[in-house]
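In: Need the 3D shape of this:
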Amino acid sequence: MTIICSVLINAPVSKVFGTFTDIEKSVDVIEDIKKVKITEKPKVGVGTRWFESRLTMGAVCDGELWVTQFEKDKVYEIGSAGQGYDYLFKYTFAPKDGGTELTLSYDQKAQNIIARSLSFISYLMKPSMKKLFLEEMNVYKAYIEKKSKK
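Out: Okay, the predicted model is just below:
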C-alpha cells in the first residue's frame, strides 16, 4: 500500500531539510513523539538508527527506525518494521514558489501470511493514515515557518 501527500512550507529547502532530519528535536515538534534515543551513528545519514516512543491510537508504541537514504536537501528516507510489515517513509524536498514542497511517499508491505491476510484492513485505514501524515507534516510546516520569521 502506498500513500503520497505534499505540503508547501514557506522556508528554504535547507531549513526544512535540517529541521526534518534533526531526529532528537522531533520530540519538540511532534506532540505524540514522547522519546527518542539514537542507537547508531551520531550524525544523521544512511545507517543512523533510533528508538522512538510515540502515542498511536491512544497507546504509547515503541519502534526502531533507521535512515535508508539521505541526500542533503533532497531526500530523507526512513525504514521501520513491525506487526508483520515493513514500512518506508520517503520524504523529498524541492524548491517551489520561494519555499519548499515537502512530499511524503509512504509504502507498507506485508512480510508474512498473517499480515498479508489482514492487508485489506490497511486499505480501509488508508484515508485516516493519509490524514494523520498530513497533520504531522502541517505541524512541521507551522513549526518551521514560525522559526523562519524570527
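In: residues touching Gly45, list them.
Out: Val67, Phe70 (Cβ atoms under 8 Å, 6 or more residues apart in numbering). Every residue, glycine included, has its C-beta placed from N, CA and C.
In: now it, what's its secondary structure?
Out: State at Gly45, reduced to three classes by DSSP: H, G, I helix; E, B strand; the rest coil: coil.
In: can you pull the pLDDT of it?
Out: Listed pLDDT for Gly45 reads 91.
In: and if you look at Lys147?
Out: Note for Lys147: predicted pLDDT of 85.
In: One more: Ser105?
Out: 98.
In: Ala115 too?
Out: pLDDT, Ala115: 80.
In: what do you get for Tyr123?
Out: Here, the pLDDT recorded for Tyr123 equals 80.
In: same check, this time on Lys150
Out: 61.
In: Please apply the same query to Phe133.
Out: Looking at Phe133, the pLDDT reads 93.
In: go on, the one 10 residues further on?
Out: Confidence at Tyr143, expressed as pLDDT, is 96.
In: Now do Thr21 against Lys109, distance only.
Out: Thr21 sits 24 Å away from Lys109, going by Cβ to Cβ, to the nearest Å.
In: Those two - which one has more neighbours?
Out: Using other Cβ atoms under 10 Å, the more surrounded residue of Thr21 and Lys109 is Thr21, with 20 against 15.
In: Now the more buried one: closest residue in space, sequence neighbours ignored.
Out: Leaving aside its sequence neighbours, Thr21 sits nearest to Val44 (Cβ to Cβ, 6 or more residues apart in numbering; 5.0 Å).
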